[in-house]
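Chemist: Here is a sequence together with a model predicted from it:
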Amino acid sequence: MGPLLTHYQEQVIDTMPARYQYILKTQIGTAFPAAEKFCLASLDYYPEGEKNGSEEAFSVYGIQNDSKYITFDIPQDGTVAISDGIKEKYGISTGDEITLHDDYENKEHKFTVGSVVSYPSSLAVFMPRKVFNDTLKPEMGITDVMNDIEMLMQRIASVPEYEYYNAYFSDMELKDIDQKYIRTTITENDLTKVSRQLDVSMGSLFQLWNVFAIVLFSLLIYLLTKLVLERNTLSISMVKILGYTDKEVGRLYLLATTWVVVLSIAVSFAIATPIILILYHIFMFKMSGWLTIWINWDTYVKMFMLGVGAYVLVALLQYIRIRRIPMDEALKNVE
């Protein structure tokens, strides 16, 4: 989980469309040429297909053609693009139909998925701004600005555009837009907040699980090797009488165990990985949002080295036990 959260933060930063995303309360212009208009709405998706049970909020983006901030292709044939998190969590893929609900306006919108894109920041749906205007453009009322005379005058004085927008992408801070017109500003800090909170609140727990797993593994191996030696005490004593040294006896009884342990650790990766993938999907399915599981190759190396290292310590303890088995043990028990 530690490397997964770190990788997620890196992915979010690498795929950020812009350093700033300004979500507006009302349409307002800016003199900064770096700003690019887009549309944003939040619609609900019901996994069970009906308005009951749990729902998931999807961010729906309306992106202008030839966007300089959104680098992946957005379908222009009336279909939409979905983030890979939606595909992984709900199994929705290219060609499927997705139904989103606007509970505020009590409307239902159906879209056909045209492509799946990499966007780890959120569960998102992308469409051209023109399509957003044709399907999701809100009524041009003044409900949001009735309590603010200055904002109301700004709405009346501004020339309405053919295509609605309610947000800006920008790599520069838009200082010419008054904060009263901005609903929220999304930055790198906001996009990585969840993963950082998980790391802070559960990071120590992850380490505790590591320690618990190593101790449990070591205890299991210790008990198994101890059982093997106890059942072969007479044989070990006998081979000592025959002239075998402690090192030779150790190799005789611990070498086979060593190969079994090493092989078992390697095989356990192949068994545990698909089980972890299934359990992780069940765990994340019950939560809002989605963190794509990621297991780096060095995680397996670390697990292997920790497993082998723990076994080496256990083997040293058992070697000491072998040295303490006296040669007269076999003679005492001869019938």
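Modeler: Arrived safely, thanks for sending.
Chemist: Could you look up the SS state of residue 127?
Modeler: strand (DSSP: H, G, I helix; E, B strand; the rest coil).
Chemist: Can you tell me who the nearest residue to it once chain neighbours are set aside pairs with across the strands?
Modeler: Nearest non-adjacent residue to residue 127, counting by C-beta to C-beta, 6 or more residues apart in numbering: residue 80, 4.6 Å away. For the C-beta atoms, the positions are set from N, CA and C on the backbone; glycine is no exception. Applying DSSP bridges to residue 80 gives these bridge partners: residue 113.
Chemist: what about residue 80, how many neighbours?
Modeler: Using other C-beta atoms under 10 Å, residue 80 has 22 neighbouring residues.
Chemist: quick one: it and residue 117, what's the gap?
Modeler: Relative to residue 117, residue 80 is positioned 10 Å away (criterion: C-beta to C-beta, to the nearest Å).
Chemist: so where do the helices sit in the stretch 151-300 of the chain?
Modeler: Under the criterion DSSP state H, counting those that start in this stretch, helices of the stretch 151-300 of the chain are mapped to 188-191, 193-231, 233-241, 246-285, 297-324.
Chemist: Mean pLDDT lowest where, among those?
Modeler: Mean pLDDT across the helices of the stretch 151-300 of the chain is lowest at helix 233-241; the value there is a mean of 78.
Chemist: List the buried residues of that helix.
Modeler: Using 16 or more other C-beta atoms under 10 Å as the test for burial, helix 233-241 gives 233, 236, 237, 238, 239, 240.
Chemist: you'd agree residue 120 is in a strand?
Modeler: No. Looking at residue 120 with three-state DSSP, it is coil, so not inside a strand.
Chemist: Am I right that it is in contact with residue 15?
Modeler: Yes. Residue 120 is in contact with residue 15 according to C-beta atoms under 8 Å; the separation is 6.2 Å.
Chemist: quick one, which of those two is more surrounded?
Modeler: Neighbour count, other C-beta under 10 Å: between residue 120 and residue 15, residue 120 has more, with 24 against 16.
Chemist: residues contacting that one?
Modeler: Residues near residue 120 by C-beta atoms under 8 Å, 6 or more residues apart in numbering: 8, 11, 12, 15, 83, 84, 85, 291, 292.
Chemist: and if we set it to 7 Å?
Modeler: Residue 120 makes contacts with 8, 11, 12, 15, 85, 292, as judged by C-beta atoms under 7 Å, 6 or more residues apart in numbering.
Chemist: Quick check on it: phi, psi?
Modeler: Main-chain dihedrals, residue 120, degrees, to the nearest 10: phi -80, psi -10.
Chemist: Please shift the residue numbers so they start at 509 in all later answers.
Modeler: In the new count, where the first residue is 509, that last one comes out as residue 628.
Chemist: any idea how far residue 594 is from it?
Modeler: Residue 628 is 11 Å from residue 594, by C-beta to C-beta.
Chemist: cool, residue 513 as well?
Modeler: 21 Å.
Chemist: How is residue 542 assigned, secondary-structure-wise?
Modeler: coil.
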